[in-house]
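>>> Give me a 3D structure for the following:
(2 chains)
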Number of protein chains: 2
Amino acid sequence: MKPTLMDPFSLTLDITSGQLKPATSHVQRRLSHMRGMYGDAVAEQTLLEQDDPLIYEVFQYDVPNDNGQLLVCTTVLYPGQVGNEYYMTKGHYHVKADAAEVYLVLSGCGKLLMQVDDRFSVLDIGPGTVAYVPPYWAHRTVNTGRTPCVFLAVYPADAGHDYGRIERDGFLQRVVAHAGEPRLISTHKQAS
Amino acid sequence: MKPTLMDPFSLTLDITSGQLKPATSHVQRRLSHMRGMYGDAVAEQTLLEQDDPLIYEVFQYDVPNDNGQLLVCTTVLYPGQVGNEYYMTKGHYHVKADAAEVYLVLSGCGKLLMQVDDRFSVLDIGPGTVAYVPPYWAHRTVNTGRTPCVFLAVYPADAGHDYGRIERDGFLQRVVAHAGEPRLISTHKQAS
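The predicted structure follows:
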């Protein structure tokens, strides 16, 4: 049987702003969409009562979720903090766990946190960084700078997003400001 | 069985030059590697006797060729002509024919030719173009400008390259300079 052919297409990326046109999906993640993910519950509540800050946006062009197809999206992760913890993405595993992901950072800077089971990894990212999230690793981006951190991501269209494990277990480390500089702190509970 | 885990890594991309560091493979395609692909055999032979011009270079970072992994490479396609035909890449199908490919053009301009069976497609590309090569489509890039055309490509690591079909059959159209402007011409043989 002959496969159904898709037509080729092109999008336009504004390399500075991250705007991808046309995009078929546009997700805005506010603090209220990430309740409980930051370490400082009081700071979170205070921010939610003042307003509900926009933490990040994702522009994506959707294609069929078939093996062999690729999804392209850009993420604009804004600068800011919840208490002393830098703004970050929710982070996720892939449902098809052996699906990798490639990032190209366009502007801004931060850290890419990755983990699988009890292993943890962190990469510094900035303009021109091509970061590779290997199969099986959960991944979260943190903006430690003063400008939006903008990056392009490409990943297999059949990867899927598993947010639940991170919502339940969190990441093994957080990135907080200490004397104005980013510092990693463990989220392990201390034995009492 | 637990899968073997790869460690995360990052590369540095020079967004202007296309240099990807570190790269684990670096391919240089000279005219002698593309004998017979340009339409003007006399112009080709003349150039080969003068020197053997470098047409394009590809810098890639290799990962295991498993389903779910992704390959990242940058291509630097130089400006120039063989007779009146603009410098171009060899072009290929994927061996795993349902593997797509994503391009992000970083600098320069040109055309992305695609074909499958008797269907042909062309996209204009320039800085900020994100071009999607859907599953099954052969793809070739042509530099119609005066500066290098530099683009990042991401594709499934199990895609493979089938150059043979293009070497044998060519593309359905060529891009030639006509009064200094690019023009597409059919390569169909005229009935005599």
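
>>> C-alpha from now on. contacts and neighbour counts both.
Noted.

>>> what residues does chain A put near chain B?
A:5-15, A:67-70, A:72, A:98-102, A:114, A:121, A:123, A:128-136, A:154-156 (Cα under 8 Å from any Cα of the partner chain).

>>> Narrow those to those that are buried.
By neighbour count, with 16 or more other Cα atoms under 10 Å in any protein chain shown, those hold A:8, A:10-13, A:15, A:67-70, A:72, A:98-102, A:114, A:121, A:123, A:128-136, A:154-156 as buried.

>>> and A:T16, what pLDDT?
Here, the pLDDT recorded for A:T16 equals 84.

>>> repeat for the one 4 residues further on
We have a pLDDT of 95 for A:L20.

>>> Now do the contacts for it.
Applying Cα atoms under 8 Å, 6 or more residues apart in numbering or on different chains, one finds that A:L20 lies in contact with A:11-14, A:59-60, A:73-74.

>>> the longest helix in chain A is where?
helix A:41-50 (DSSP state H).

>>> Relative to the whole chain's centre, how far out is the helix or strand that comes right after that one?
Sequence order places strand A:54-61 as the next helix or strand after helix A:41-50, per DSSP states H and E. The chain centroid and the centroid of strand A:54-61 are separated by 9 Å, computed with Cα atoms, centre = their mean, to the nearest Å.

>>> how big is the angle separating the helix or strand following strand A:54-61 from strand B:70-77?
Note on strand A:54-61: by DSSP H and E, the next helix or strand toward the C-terminus is strand A:70-77. Using axes from the mean of the first three to the mean of the last three Cα atoms, to 10 degrees, the direction of strand A:70-77 lies 90 degrees away from that of strand B:70-77.

>>> buried stuff in strand A:70-77?
For strand A:70-77, by 16+ other Cα under 10 Å, it's A:70-77.

>>> Specify which member of these is nearest to A:R35.
Proximity of those to A:R35 was ranked by Cα to Cα; the top entry is A:L77 with 17.0 Å.

>>> wait, doesn't that closest one sit right on A:G145?
No. Using Cα atoms under 8 Å, A:L77 is not in contact with A:G145; the gap is 10.2 Å.

>>> hmm, back to that, generate JSON lines for the buried residues of strand A:70-77, with pLDDT as supplementary columns.
Formatted as JSON lines, the buried residues of strand A:70-77 follow (pLDDT from 0 to 100):
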{"residue": "A:L70", "pLDDT": "98"}
{"residue": "A:L71", "pLDDT": "98"}
{"residue": "A:V72", "pLDDT": "98"}
{"residue": "A:C73", "pLDDT": "98"}
{"residue": "A:T74", "pLDDT": "97"}
{"residue": "A:T75", "pLDDT": "98"}
{"residue": "A:V76", "pLDDT": "97"}
{"residue": "A:L77", "pLDDT": "98"}
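
>>> which among those gets closest to chain B?
A:L70 (6.4 Å; Cα to the nearest Cα).

>>> so that closest one touches A:Y155, yeah?
Yes. A:L70 is within contact range of A:Y155, at 5.6 Å (criterion: Cα under 8 Å).

>>> Return the residues in contact with A:Y38.
By Cα under 8 Å, 6+ apart, A:Y38 lies in contact with A:44, A:82, A:85.

>>> Out of the residues you listed, who's the most crowded?
Highest neighbour count within the contacts of A:Y38, by other Cα atoms under 10 Å in any protein chain shown: A:E85, with 23 neighbours.

>>> so it touches A:Q173, yeah?
No. If you go by Cα under 8 Å, A:E85 and A:Q173 don't touch, sitting 11.1 Å apart.

>>> Any chance you could list what contacts the lowest-mean-pLDDT helix or strand in chain A?
In chain A, no helix or strand scores lower on mean pLDDT, DSSP states H and E than helix A:164-169, which sits at a mean of 93. Residues from elsewhere that reach helix A:164-169 (Cα under 8 Å, 6+ apart): A:37, A:90-93.

>>> Using CSV, list the CA coordinates for it.
C-alpha atoms of helix A:164-169 as CSV (Å, rounded to 0.1, in the frame of the first residue of the first chain):
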residue,chain,number,x,y,z
GLY,A,164,3.0,13.1,36.0
ARG,A,165,6.2,11.5,37.3
ILE,A,166,7.8,14.9,37.7
GLU,A,167,4.7,16.4,39.3
ARG,A,168,4.8,13.6,41.8
ASP,A,169,8.6,13.2,42.4
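
>>> Which SSE is immediately downstream of that helix?
The helix or strand immediately downstream of helix A:164-169 is strand A:173-178, counting by DSSP H and E.

>>> list the buried ones in that following strand?
A:173-176.

>>> would a markdown table of those with distance to B:P53 be doable?
Listed next are these as a markdown table, based on distance: Cα to Cα, whole Å:
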| residue | distance to B:P53 |
| --- | --- |
| A:Q173 | 52 |
| A:R174 | 52 |
| A:V175 | 50 |
| A:V176 | 53 |
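
>>> and which of those is nearest A:D51?
For these, the nearest to A:D51 is A:V176 (21.6 Å; Cα to Cα).

>>> that older thread, using CSV, please lay out the buried residues of strand A:70-77 together with distance to A:R165.
Shown next, in CSV, are the buried residues of strand A:70-77 (distance: Cα to Cα, whole Å):
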residue, distance to A:R165
A:L70, 24
A:L71, 22
A:V72, 24
A:C73, 22
A:T74, 23
A:T75, 21
A:V76, 23
A:L77, 22
